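Chemist: Next comes the sequence, and after it the predicted model I'd like to discuss.
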Amino acid sequence: MQVLRTCRLTLGKRMSIRRIHLSGGVLTLNSLSLPYNRTQTTKPFGSAQASTQRRPRSTAETTSQAVPSDQLGFVPDPAPTSPLHDIPIASTDENKISILWSPQNWSRFHHIWLRDHCRCPSCFHPVTKQRLVNTFQIPRDIKPIHVHGSTEGLEVVWPAPTTEHHSSFYPWTWLREHSYDPPHQKDHQVNEKVLWGAKIAKSPPTVTYEEVMDSTDTGLYKWLSDIDRFGICFVSGVPSTPKATEGLCERIGFIRETQYGKFWQFTAGLAKADMAYTTMALGAHTDNTYFTDPCGLQVFHLLSHTDGSGGATLLVDGFYVASLLKELHPDLYDVLSNVPIPAHAAGEPTLIYKPSPPSGYPTLQHDFLTRELTQVRWNNDDRSVMSHLEPDLVERWYDAIRTWHKLLISPDSEFWVQLTPGTVLTVNNHRVLHGRSAFDGKRHVCGAYIGIDEYRSKLTVLREKFDPRFKAPATHETLTSDVNQTERYGFTSIATTSLKVDLCLIMDSMSKCVAVPWIWAILMVKDAELTSGD
Ligand SMILES: C[N+](C)(C)CCCC[C@H](N)C(=O)O
Ligand SMILES: O=C(O)CCC(=O)C(=O)O
């Protein structure tokens, strides 16, 4: 059995370890005598009181000679007043590596998960960012032969039966970001959503065309961040031409072509068989409910409106209204979150659009894991026949949509704005519903759809460029090239004020421990007494 343990114990003065018990290559620390200022130390990390987090079971706890938990474990720095600034402690057991971020903060990663997620250039293509490692050739019970924490991250060396050992390197930031046990708690909300009602009319989010078109991309980032935060954003000062509007759209990404064309212009007259191409009022809705993947952003630019009036634009924050429904009628919120709604676009004789699956999607869609609301899908005009409803659910479903509709048309929810030439409106079609009042005269609007993925991709790239909190993790190369190899493999300095014990033991079965030249174990502990394994 190969066990390797790297851990850092910060021991106070005059502290000594009476016995280090190596059994079958398993290192357990027990009977720690702590004459050092016990009151200052928090309970030994192993004890239940010390940690609210599920503590990883060390090998000792999983082996037959389990050691009483109050004697086992890592004694954290005396009453740490702030998160550990030191290198996190890594320890490995049968099938996981545990990382101690701070006395109450662990992450655990399965060996097979870590090997599969190696980001070295031979496992993860440095240009295409695609996996090269053959996931299915990784032994299910793979175990590391070396685990070492450096200032930048965790180094793991894996056995490779046919070639020399394989070294993987995981930046601490990467491990923290991708912790799944426990799931990573983002210490910064990505761009808090600001839910709004009619009052947003006082100061709707707006950027200028000049800002957005500036090659530094700072204005583009502001525009996309505002869309992410509010679900809408206006761009002022845009030349009132289709060409300028199309150029603006393409600052985000490629335009999504649909049955309405690529960059579209529309007026009344049914050029396309859809009510948008009429003078009729349109209630608050999201577009493309008949698509499996409704467009992400919708861009509108009123180029002109002559010989007539009306045609005001309606905007409603679907996330805001959903929060009201959830608060006031949680049962009806659940109905809208679970009942799929079929939809169609079938005006054109040669087209019949329906989503896949044909039963459609619920009005309110959520992240499968976090249960966070992620999309509102609502267009009662484009809704198909509800032929899949459970009979005893029919009336509750109508109760749900009637209540939803009532909240949508509440004056508190509706933001009405008269678009004018030169001001472009961008709407997140997965969150904000739009509509318009009836109009007469000649009304000429242009715009485009942009896919949600194109929008989110551009936002992510800009966020990593401009927001240090979202800096792309250093790649394997930058870290391996920058990091002093000896520091990676050497020991961190030993503080003079307290005895720091850096235990980095590469253990094979005891019989072979000394046989393998590169296996070494350095204990810098006063009065340490090693007893051979059983
Ligand atoms: C935007 N543009 C005018 C091109 C098309 C409008 C189509 C609207 C359609 N009823 C839907 O809800 O998706
Ligand atoms: O004409 C408008 O202002 C909006 C039309 C509309 O709702 C749409 O195109 O989806």
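Modeler: In hand now; what should we look at? Ligands and ions are numbered 1, 2, ... in the order given.
Chemist: Tell me the spacing between Thr423 and ligand 2.
Modeler: Thr423 is 13 Å from ligand 2, where distance means Cβ to the nearest ligand atom, to the nearest Å. All C-beta atoms are positioned from the backbone trio N, CA, C, and that covers glycine.
Chemist: Now for that residue, how many residues are close by?
Modeler: Residue neighbour count, defined by other Cβ atoms under 10 Å, stands at 20 for Thr423.
Chemist: which residues of the stretch 101-250 of the chain score low on pLDDT?
Modeler: 186-191 (pLDDT under 70).
Chemist: Point out the residues in this structure that sit beside ligand 2.
Modeler: Contacts of the chain with ligand 2, taken as Cβ under 6 Å from any ligand atom, map to Ala276, Leu282, Asp287, Phe300, Thr313, His434, Gly435, Arg436, Val445.
Chemist: got the buried residues for whichever strand or helix holds the last one?
Modeler: Yep, that's Val445 we're talking about. Element membership of Val445, judged by DSSP states H and E, is strand 442-450. For strand 442-450, the neighbour count (16 or more other Cβ atoms under 10 Å) marks Arg443, His444, Val445, Cys446, Gly447, Ala448, Tyr449, Ile450 as buried.
Chemist: Need the pLDDT of the closest residue to the last one other than its chain neighbours.
Modeler: Right, Ile450. Nearest non-adjacent residue to Ile450, counting by Cβ to Cβ, 6 or more residues apart in numbering: Leu297, 4.2 Å away. Per-residue pLDDT puts Leu297 at 98.
Chemist: wait, Leu297 sits on Arg431?
Modeler: No. Judged on Cβ atoms under 8 Å, Leu297 makes no contact with Arg431 at a distance of 10.4 Å.
Chemist: for the buried residues of strand 442-450, which one is nearest Gly347?
Modeler: Tyr449 (17.2 Å; Cβ to Cβ).
Chemist: For the closest one, which non-adjacent residue is spatially closest?
Modeler: Using Cβ to Cβ, 6+ apart and skipping residues adjacent in sequence, the residue nearest Tyr449 is Cys295, 3.6 Å away.
Chemist: what's that neighbour sitting at in phi/psi?
Modeler: Per-residue torsions, Cys295: phi -60, psi 150 (degrees, to the nearest 10).
Chemist: still on that earlier bit, export the buried residues of strand 442-450 to a markdown table and tack on distance to Gly219 and pLDDT?
Modeler: Below are the buried residues of strand 442-450 laid out as a markdown table (distance: Cβ to Cβ, whole Å; pLDDT from 0 to 100):
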| residue | distance to Gly219 | pLDDT |
| --- | --- | --- |
| Arg443 | 29 | 98 |
| His444 | 27 | 98 |
| Val445 | 24 | 98 |
| Cys446 | 21 | 98 |
| Gly447 | 20 | 98 |
| Ala448 | 19 | 98 |
| Tyr449 | 22 | 98 |
| Ile450 | 17 | 98 |
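Chemist: And the strands in the stretch 101-250 of the chain?
Modeler: Per DSSP state E, counting those that start in this stretch, the stretch 101-250 of the chain carries strands over the ranges 105-110, 146-149, 153-158, 166-171, 206-208, 232-236.
Chemist: contacting residues for the residue of the stretch 401-534 of the chain found nearest ligand 1?
Modeler: At 6.4 Å from ligand 1, Gly447 is the closest residue in the stretch 401-534 of the chain, using Cβ to the nearest ligand atom. Contacts for Gly447 (Cβ atoms under 8 Å, 6 or more residues apart in numbering) come out as Thr245, Cys249, Phe263, Trp264, Gln298, Val299, Phe300, His301, Val424.
Chemist: partners of the fifth one in the sheet?
Modeler: Beta-bridge partners for Gln298, by DSSP bridges, are Val427, Tyr449.
Chemist: Any chance of JSON lines for the strands of the stretch 101-250 of the chain, columns mean neighbour count and distance to Phe415?
Modeler: Supplementary listing: those in JSON lines, determined by neighbours: other Cβ atoms under 10 Å; distance: least, Cβ to Cβ, whole Å:
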{"stretch": "strand 105-110", "mean neighbour count": "20", "distance to Phe415": "43"}
{"stretch": "strand 146-149", "mean neighbour count": "22", "distance to Phe415": "52"}
{"stretch": "strand 153-158", "mean neighbour count": "22", "distance to Phe415": "47"}
{"stretch": "strand 166-171", "mean neighbour count": "20", "distance to Phe415": "44"}
{"stretch": "strand 206-208", "mean neighbour count": "18", "distance to Phe415": "13"}
{"stretch": "strand 232-236", "mean neighbour count": "22", "distance to Phe415": "8"}
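Chemist: Quick one, which of these gets closest to ligand 1.
Modeler: That would be strand 232-236 among those, by Cβ to the nearest ligand atom, at 15.6 Å.
Chemist: Mind giving me the packing neighbours of that closest one?
Modeler: Under the contact criterion of 3 or more Cβ pairs under 8 Å, 6 or more residues apart in numbering; DSSP states H and E, strand 232-236 touches strand 206-208, helix 209-213, helix 218-230, strand 424-428.
Chemist: Quick one: distance of it to the chain centre.
Modeler: 26 Å (Cα atoms, centre = their mean, to the nearest Å).
Chemist: Also stretch 171-187?
Modeler: Relative to its chain's centre, stretch 171-187 lies at 10 Å (Cα atoms, centre = their mean).
Chemist: contacting residues for the residue of the chain most remote from its centre?
Modeler: Most distant from the centre of the chain: Asp307, at 49.8 Å, with distances by Cα atoms, centre = their mean. Contacts for Asp307 (Cβ under 8 Å, 6+ apart) come out as Asp440, Gly441, Lys442.
Chemist: ok, now which ones touch His405?
Modeler: With contact taken as Cβ under 8 Å, 6+ apart, His405 is in contact with Asn380.
Chemist: was I right about the residue nearest to Tyr449 contacting Thr258?
Modeler: Yes. Using Cβ under 8 Å, Cys295 is in contact with Thr258, at 7.5 Å.
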